[in-house]
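Novice: 3D, please:
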Amino acid sequence: MNENKYADSYREMSHEVLATKIAEASFFHDMSLRSGLRTGSWVYGEDLPPNYHLWPILNYLNQIDLSGHVCMDVGTYDGMTAFAMADAGASAVHATCQYDLARFRMVRAYQGYDNLAYYPNTDIEWLSENHPSGSVDLMVMSAMLHHLTSPLDAFLEARRMLKREGLFLVESIVIDGDDATLSLNSELSEPVYGAPTLWVPTVNAVRGMLRFASFDILSESRLLGGRKAREKHFDRVTFLTRARKPSDLSVRTEKAKEIHTASPIVGGLDFSKLDQENTAPSTVQFEGEASQNINIWLDHIEHALQPSKQDEPYCAETAFSVGSEKQFFELVERIPDGAFRWQDVYLLGARYQGEEMPDGMQWGIKQFGNLHALSYIQDYGLSGVLEIGPGFNLYFPNHLPDWCDYTALDDEGFYDSNVLQLANAARSRGEVFSGLLGDGKHQLPPGSFDACISISVLEHVPRSDIPDVCKDMFRLLRPGGYALHSIDLTLDSIEQEGRAWLEGLRNAGFEIDDASIDGAWSGQMPGASASDVFLEPLSIRSRFYSGYRRTIWGETDVAERFVSQMATILVAARKP
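Specialist: Model prediction:
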């Protein structure tokens, strides 16, 4: 390649001058450079982990030995991926960009990357005219497909430039749908934001285009982060693939085979020549897992250029407050498909025979707690969920996202054994373990879950057991995981019981931001009233406090304890 692509005037500047210029520049990616210099970012700020979009790419690069191999970063922009490959000891890294960015040149000079060539003001068409076929061992194409007029041409061009058995890392946005479709963004009812975003594929469309372009998919990585990280209407998926001869593909449809053989020249790629190629293959190796999903709130990718975990500035939301009616209806609006359905509660009829669940069941304290927990699970992409004390409640097996793994922990001594067996058999997913939090008897291993949840359960825990229950929750969660609970209490007991749980959670090591704790526990109890506390309908309150039959059937001598004013504490405590 042209040698002047390795040199520019920034290489002649001193380390100190370059550091000053980098500190004054504005960067997309937040990079930790040599001598403690950090670029910062205008994108990620204090609400999101820096560079999380690139984590799957960095994670795969950590699992590939690049020593002595030729690499290419298509659409390098700030250059973080190209810098990562140069850092890993590639013999040469070729980085292309549609712009000519001074900040790329500054960092390249500051870091001393003599193996990194820069090709600014270039596009995919430039590659086909200026880069030889079969000359690259590893190519990266990140956040590019949706900006291209022809995404399939990009895959064909990548296959042309890669050596046989070379690796292709491609990251793409994907929209929901099981079909292999490529949609014109400007015609969608809810288009993906960002300009120019032209085409948006489903995940099966990306898989299909890769296989058609003669790539075997070795591994897929979905970036989990829930609503807090998911750009509106789409997710991001990263594929690690290997360049093959068409006839050697492990997956090739009959239609793809027909095209490869009957009409072999597609775009700039001749599939018949690929099948006849006898040059030495690339020796670049990958031996990682086929699925490597990453949760941006719980995981951290170690890399020299990635800021360390303790330096990441983002903050996740916590909560410890009396739930309000306003909060409840906000959750109902935000999660419209999260209401109680008949199959969530029908087994209660086996215990209260002859009764039907009232319509108001959809608007009770239990539903408030369910929506609270479900919202955090969706917002933060919490995939490993442990429910404590579900009893006859089938809500979470029915309403958790498909990507969640569900486990339940309960003690049979609290329920009618026949009805509990029916409930456990009716759960549509997951496994049920016998035991209680804090009793030291259950066999659940530490660090196994992203979320530990309970709905209208913790109020039954004796005060003396609260510290052990909190410690056990903390033990079972992964770092970054959440304890998500609703605790239903009478207004005359809520202050004392609330303080006990707040103290227990904090002493166990959980984070609960002071700003998320309302006046009931951070100061003097304000005195909750019907105007500022969500109150469930009487029939539902009585249903769960043994007074349902009398209130529904019109009896008037209902004991005061069955109709006392209730409220619920919503808890979202985070393990650091």
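Novice: pretty sure residue 260 is touching residue 270, no?
Specialist: No. In terms of CB atoms under 8 Å, residue 260 does not count as a neighbour of residue 270; the distance is 10.1 Å. The C-beta positions use only the backbone N, C-alpha and C, and glycine is treated the same way.
Novice: quick one, which of the two is more surrounded?
Specialist: More neighbours surround residue 260 than the other of residue 260 and residue 270, with 21 against 14 (other CB atoms under 10 Å).
Novice: Now do the helix or strand hosting that one: which elements does it pack against?
Specialist: Element membership for residue 260, per DSSP states H and E: helix 254-262. On a contact count with 3 or more CB pairs under 8 Å, 6 or more residues apart in numbering; DSSP states H and E, helix 254-262 meets helix 203-212, helix 271-276.
Novice: Export only the CA atoms of the last one, formatted as PDB.
Specialist: Listed next in PDB are the C-alpha coordinates belonging to helix 271-276 (Å, rounded to 0.1, in the frame of the first residue of the first chain):
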ATOM      1  CA  PHE A 271     -18.300 -17.300  -6.800                       C
ATOM      2  CA  SER A 272     -16.900 -19.800  -9.400                       C
ATOM      3  CA  LYS A 273     -13.400 -18.300  -8.900                       C
ATOM      4  CA  LEU A 274     -13.800 -18.600  -5.100                       C
ATOM      5  CA  ASP A 275     -14.500 -22.300  -5.500                       C
ATOM      6  CA  GLN A 276     -11.400 -22.800  -7.700                       C
END
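Novice: continuing past that helix, what's the next helix or strand?
Specialist: As assigned by DSSP H and E, the chain's next helix or strand after helix 271-276 is strand 294-295.
Novice: Which strands border that next one, and is each parallel or antiparallel?
Specialist: Strand 294-295 has the following strand partners under DSSP bridges: strand 215-224 (parallel).
Novice: Please work out the average pLDDT along the strand it pairs with.
Specialist: Averaged over strand 215-224, pLDDT sits at 93.
Novice: center of this protein, which residue is that?
Specialist: Nearest to the mean C-alpha position of the chain, counting by CA atoms, centre = their mean, stands residue 224 at 1.5 Å.
Novice: Find the nearest non-adjacent residue to that one, please.
Specialist: Sequence neighbours aside, residue 381 is the residue nearest to residue 224 in space, at 3.6 Å (criterion: CB to CB, 6 or more residues apart in numbering).
Novice: likewise residue 169?
Specialist: residue 140 (4.5 Å).
Novice: and the one you found, what element?
Specialist: Residue 140 belongs to strand 136-142, assigned by DSSP H and E.
Novice: Sketch out the strands for the stretch 351-500 of the chain, chain order is fine.
Specialist: 384-388, 405-410, 431-434, 449-455, 477-490 (DSSP state E, counting those that start in this stretch).
Novice: partners of residue 174 in the sheet?
Specialist: Residues in a beta bridge with residue 174, per DSSP bridges, are residue 235.
Novice: That one touches residue 199, doesn't it?
Specialist: No. Here residue 174 lies out of contact with residue 199, judged by CB under 8 Å, at a distance of 11.3 Å.
Novice: What number of residues are in the vicinity of the residue nearest to residue 169?
Specialist: 28.
Novice: Please look at it and residue 73 and confirm they touch.
Specialist: Yes. Taking CB under 8 Å as the definition, residue 140 is a contact partner of residue 73 at 4.9 Å.
Novice: and the gap between residue 14 and residue 305?
Specialist: In this view, residue 14 and residue 305 are 22 Å apart by CB to CB, to the nearest Å.
Novice: Between the two, point out the one with more neighbours.
Specialist: Higher neighbour count among residue 14 and residue 305: residue 305, with 21 against 8, using other CB under 10 Å.
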